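*Asks:* Compute the structure for the input listed below.
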Amino acid sequence: MAKLLAGPRSFRLNRTTLTSLAEEFDATPAIMAKFVHRFCPAAVEDNRFWAKSDTMLFVHIPKTAGMSVGKAMQQAFDQFHGVEWNNIGPSFYKASRQAAYLQSRGNIRQIVMGHYGWSEMQLWRNQELPIKSATILRDPVQRMISNFNYNSSAAHPAHQDFVKRFPQIESYVESTSFDVQLSQAIGFATSFDDVLAKLTRYYSFIGVTERLSQSLAFLSRSHGLPPITEYHTNVGSKPADKLPDAVRDLILDRNHNDTKIHALMLRLYAMSEET
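*Replies:* Model (predicted):
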């Protein structure tokens, strides 16, 4: 009989299931097991990541409900530090310096949120400060279309220049980085094991846009935060159902690991609902 791995609320995940997940997602079983028991809501006990005083680095990947979540985070944390989207480096440094100082003074829970990424986060590692990071992922095809539509619309300050550079979505997709979401969250990876290991080492929360309410409830419970309200802001884009197959294939080809990690996280949230 397969050995059962225990979690909260009588959740049980047998090794056969873990092995099956590892095989499906081309990962080492031991690495997959550590990932699952850190990020599967049903396997994480209440308040696992609670601390009297800490700072969370929340990587806002564009068009992943970050604006809505940012509004909610302002309610959940004692101090919210927003990073300016058009001045990321200096703004992140300023917010981080302030957060580290405030944390050194006493009991305070803070969040630094913005469009920064892995390279900026190294500031905390280089200063030998603890990293407790979070992000939200989205279906790569839907996210890419949403981002293209937003940047092309009058809602974006630089939309005229954007439209001149990228009159069609194909040219925009070809200009983007490989694995856009993971590149921002963890930098380079040479295998899916690398992806899982880096997320497990440096992150304490991963949500998914498609299960936003469930994700925010998990964040609240696992980090000992007050109930987090889901807001709906900056919503709306053309659906991907009429996207030409060639464009869809191009997006998927350039976002192979983004697609895998998003599918895995959806699976873990769905498994939690079944318990």
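
*Asks:* Tell me who's in contact with the closest residue to residue 143 other than its chain neighbours.
*Replies:* Of all residues beyond its chain neighbours, the one nearest residue 143 is residue 63 (5.1 Å), with distances taken as CB to CB, 6 or more residues apart in numbering. Backbone N, C-alpha and C define where each C-beta goes, glycine included. Shown in contact with residue 63 (CB atoms under 8 Å, 6 or more residues apart in numbering): 138, 143, 146-147, 150, 237.

*Asks:* okay if I get these as a markdown table plus distance to residue 173, pLDDT and secondary structure?
*Replies:* A markdown table is the format used below for these (distance: CB to CB, whole Å; pLDDT from 0 to 100; DSSP: H, G, I helix; E, B strand; the rest coil):
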| residue | distance to residue 173 | pLDDT | secondary structure |
| --- | --- | --- | --- |
| 138 | 15 | 98 | coil |
| 143 | 11 | 97 | helix |
| 146 | 13 | 94 | helix |
| 147 | 10 | 95 | helix |
| 150 | 15 | 91 | helix |
| 237 | 15 | 49 | coil |
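
*Asks:* Show me the two of the residues you listed that sit farthest apart.
*Replies:* The largest separation in the contacts of residue 63, counting by CB to CB, is between 138 and 150 at 12.9 Å.

*Asks:* Give me the more crowded residue out of the two.
*Replies:* Ranked by neighbour count (other CB atoms under 10 Å), residue 138 and residue 150 place residue 138 first, with 24 against 17.

*Asks:* can you tell me which residues contact that one?
*Replies:* Applying CB under 8 Å, 6+ apart to residue 138 gives the contacts 61, 63-65, 146, 181, 208-210, 262.

*Asks:* One more: residue 140?
*Replies:* 180-181, 251-252, 255, 258-259, 262.

*Asks:* Residue 171: which of those is nearest?
*Replies:* residue 251 (12.9 Å).

*Asks:* The closest one: which element?
*Replies:* According to DSSP states H and E, residue 251 maps onto helix 245-254.

*Asks:* and that helix, which residues are buried?
*Replies:* The neighbour-count criterion (16 or more other CB atoms under 10 Å) identifies 247-248, 250-251, 254 as the buried residues of helix 245-254.

*Asks:* Could you pull out the buried residues of the next helix or strand after it?
*Replies:* On the C-terminal side of helix 245-254, the closest following helix or strand by DSSP H and E is helix 256-274. With burial defined by 16+ other CB under 10 Å, the residues of helix 256-274 counted as buried are 257-262, 264-265, 268-269, 271-272.
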